[in-house]
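# for reference, the sequence and a predicted model appear below.
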Amino acid sequence: MNSAVIGAVDIGGTKIAAGVVTESGTILGRLECPTAPAEGFRAAMRRTAEMLRAVSRQAGAGYAGIGVACPGPLDPLAGIVGDVGTLPGWQGGNIVAELSGEFGVPVVVENDADAAALAEASWGAAKGSSRFIYVTISTGIGAGIILSGELYRGVDGAHPEIGHQVLDSSGPLCYCRARGCWECLASGPAMTAWVRAQNPDAPELTAAQICELSRGGDELARRAVEREGYYIGLGLANLVTILTPDAIALGGGVMKSADLFLDRIREVIRNICTQVPAEKTLVTLASLGADAGLAGAARAWIHRRRR
Ligand SMILES: [Zn+2]
């Protein structure tokens, strides 16, 4: 066996990825399997352990520890899954107990947005910035905040739910029971719902399809894109005014069409954030892409072990 590496696990609603990651962030190998949440938490942990053993054999390296990125809500310090919308029936499952029992090494669990924030701050778009916010815009909006090089946590390890900041109290009703949350106004499904509301006869379009139509000159799609850029910018402007970080990096599916939104986003921030040096906050794109999950899981392990 080679020198020790980190086992990394990225749990999503659709698939689980497991990989071998070095201390400098190089991914040496990876495997994936369907999450199949209906088969239950323990079955998924057994599949995860099998993948971890297989990639470790392939890489010829043993694990110093295992980092896991998982959607919230969860208790990151105990490693216990909460009531996650995409993982029904998993509530109460203890990831740390399952994997440390299996491998006999320290296991660290982190909210997936926090894990990605740690990876982008160390190995990605925000390398070297000590005040950094990672924002992912896709089906929902999530974020991780790093202040003075440390992951920010609220009381009892609470994860900041920036996607549920209210931007328009007369806006659409959110499952969190507030109206006009950022997520309800600027997520991918929010684009879909807005276009549908303007033209109930139109077929249901994904955010990606709306972006394509906008590029082709479709007027309704163009307005949807303009509105999306405005609301992404408005939510980010609040973050800039409150925290004025060195950098904000944007990831997630909607940001695959970032070229359509970035100018508008930066304009909104410029116009609104007059009381802080907003021009010093770099607004950029996340750079780890599909690797963010595994890199984030490994980085979460390194970050926690160093404290
Ligand atoms: Zn909400």
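Received, thanks. Numbers count the residues shown, from 1 in each chain.
# give me the sheet partners of the helix or strand of the chain with the lowest mean pLDDT and which way each runs.
Least confident helix or strand of the chain, by mean pLDDT, DSSP states H and E, is strand 2-11 with a mean of 89. In the sheet, strand 2-11 lines up against strand 15-21 (antiparallel), strand 61-70 (parallel) (DSSP bridges).
# same list (those strands) but as TSV, adding mean neighbour count.
Bear in mind the C-beta positions are built from the backbone N, C-alpha and C, glycine included. Shown next, in TSV, are the strands paired with strand 2-11 (neighbours: other C-beta atoms under 10 Å):
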stretch	mean neighbour count
strand 15-21	24
strand 61-70	24
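# which among those strands is found nearest to the ion?
Distance to the ion, taken as C-beta to the ion, is lowest for strand 61-70 among those, at 20.4 Å.
# the stretch 151-300 of the chain: strands as residue ranges?
Secondary structure of the stretch 151-300 of the chain (DSSP state E, counting those that start in this stretch): strands located at 247-251, 282-285.
# and the last one, what does it pack onto?
Right, strand 282-285. strand 247-251, helix 262-272 (3 or more C-beta pairs under 8 Å, 6 or more residues apart in numbering; DSSP states H and E).
# and these, which is most packed in?
strand 247-251 (a mean of 25; mean count of other C-beta atoms under 10 Å).
# contacting residues around that one?
With contact meaning C-beta atoms under 8 Å, 6 or more residues apart in numbering, strand 247-251 is reached by 116, 120, 124-126, 129, 131-137, 232, 236, 239-240, 258, 281-289, 292.
# in the stretch 201-307 of the chain, where is pLDDT below threshold?
Across the stretch 201-307 of the chain, not a single residue meets the criterion (pLDDT under 70).
# of all of it, which residue lies closest to the ion?
residue 235 (11.9 Å).
# surely that residue touches residue 166?
No - Residue 235 lies out of contact with residue 166 (C-beta atoms under 8 Å); the separation is 10.2 Å.
# so if we follow the domain assignment, how does this protein break up?
Listed domain ranges for the chain are 2-110, 125-287 (source: automatic domain parsing).
# quick check: closest non-adjacent residue to the residue most central in space within the chain.
The centroid of the chain falls nearest to residue 113 when counting by C-alpha atoms, centre = their mean (3.3 Å). Excluding the flanking residues, the one nearest residue 113 by C-beta to C-beta, 6 or more residues apart in numbering is residue 142, at 3.8 Å.
# roughly how far apart are that neighbour and residue 112?
Taking C-beta to C-beta, to the nearest Å as the measure, residue 142 falls 7 Å from residue 112.
# mutual contacts of the two, please.
With C-beta under 8 Å, 6+ apart, residue 142 and residue 112 have common neighbours residue 72.
# if I've got this straight, residue 45 is in a helix?
Yes - secondary structure of residue 45 (DSSP: H, G, I helix; E, B strand; the rest coil): part of a helix.
# tell me who's in contact with the nearest residue to it once chain neighbours are set aside.
Nearest residue to residue 45, sequence neighbours excluded (C-beta to C-beta, 6+ apart): residue 98, at 4.1 Å. Neighbouring residues of residue 98 by C-beta under 8 Å, 6+ apart: 42, 45, 49.
# next one: residue 281
Contact analysis of residue 281 by C-beta under 8 Å, 6+ apart lists 240, 244, 245, 246, 247, 248, 269.
# report the two of those residues separated the most.
Using C-beta to C-beta, those reach their maximum pairwise distance at 246 and 269, which is 14.4 Å.
# rewinding a little: neighbour-wise, which of residue 235 and residue 166 wins?
residue 235 (24 against 16; other C-beta atoms under 10 Å).
# ok, the closest residue to that one other than its chain neighbours - how many residues close by?
Leaving out its chain neighbours, the residue that sits closest to residue 235 by C-beta to C-beta, 6+ apart is residue 182, at 4.1 Å. A total of 30 residues lie near residue 182 under the criterion other C-beta under 10 Å.
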